[in-house]
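Undergrad: here are the coordinates; sequence isn't available:
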């Protein structure tokens, strides 16, 4: 059974930084692409970033490009999201997810098979 556990969320002032981590178990981690999504109150879950199984290819939502960095360490079954220059509009619950094998649809939740429970990020102005 796949389990994903996110950590690292919290309250930060605008302009600050946070580093989210996601620990995966119950799967051969290095075989799967991974993604981060977020969901603000009253809004749909939206794509933030994705990374391929080797870590050699990444992609970001325009709203976070240049501020967020996704990375992974296959030896430790972890994927991270470094978030810099945070803005109040980044406030949301952040989720990590395991991509479906062979999926080319990595920018919507439909392209992912398993999800963590989420971690809250709140950015104050």
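TA: Thanks, I have the structure now. Keep in mind that this is a model prediction, so the values were computed, not measured. Numbers count the residues shown, from 1 in each chain.
Undergrad: tell me the centre residue of this structure?
TA: Among the residues of the chain, the one closest to the centroid is residue 36, at 2.1 Å (CA atoms, centre = their mean).
Undergrad: roughly how far does residue 52 sit from residue 108?
TA: Distance from residue 52 to residue 108, counting by CB to CB, to the nearest Å: 17 Å. Bear in mind the C-beta positions are built from the backbone N, C-alpha and C, glycine included.
Undergrad: same deal with residue 25?
TA: From residue 25 across to residue 108, the span is 25 Å (CB to CB).
Undergrad: who's more crowded, the two?
TA: Each of residue 25 and residue 108 has its neighbours counted (other CB atoms under 10 Å); residue 108 has more, 14 against 11.
Undergrad: per-residue pLDDT, the nearest residue to that one once chain neighbours are set aside?
TA: Counting by CB to CB, 6 or more residues apart in numbering, residue 108 lies nearest to residue 47, which is 6.7 Å off, once chain neighbours are set aside. Looking at residue 47, its pLDDT stands at 98.
Undergrad: ok, residue 47 - contacts?
TA: Taking CB atoms under 8 Å, 6 or more residues apart in numbering, we find residue 47 in contact with 35, 37, 61, 106, 107, 108.
Undergrad: in helices, which of those fall?
TA: Among the contacts of residue 47, no member falls in helices (DSSP state H).
Undergrad: closest one to residue 97 out of those residues, please.
TA: Checking the contacts of residue 47 against residue 97 by CB to CB gives residue 35 as the nearest, at 4.9 Å.
Undergrad: how close does the closest residue to the closest one other than its chain neighbours sit to residue 41?
TA: Spatial nearest neighbour of residue 35, excluding adjacent residues (CB to CB, 6+ apart): residue 50 at 4.2 Å. Note on residue 50: its distance to residue 41, by CB to CB, is 24 Å.
Undergrad: between the two, which one's more packed in?
TA: The neighbour comparison of residue 50 against residue 41 (other CB under 10 Å) goes to residue 50, with 23 against 7.
Undergrad: I'd say the more buried one and residue 32 touch.
TA: No. Using CB atoms under 8 Å, residue 50 is not in contact with residue 32, being 11.0 Å away.
Undergrad: what do those two both touch?
TA: Common contact partners of residue 50 and residue 32 (CB under 8 Å, 6+ apart): residue 99.
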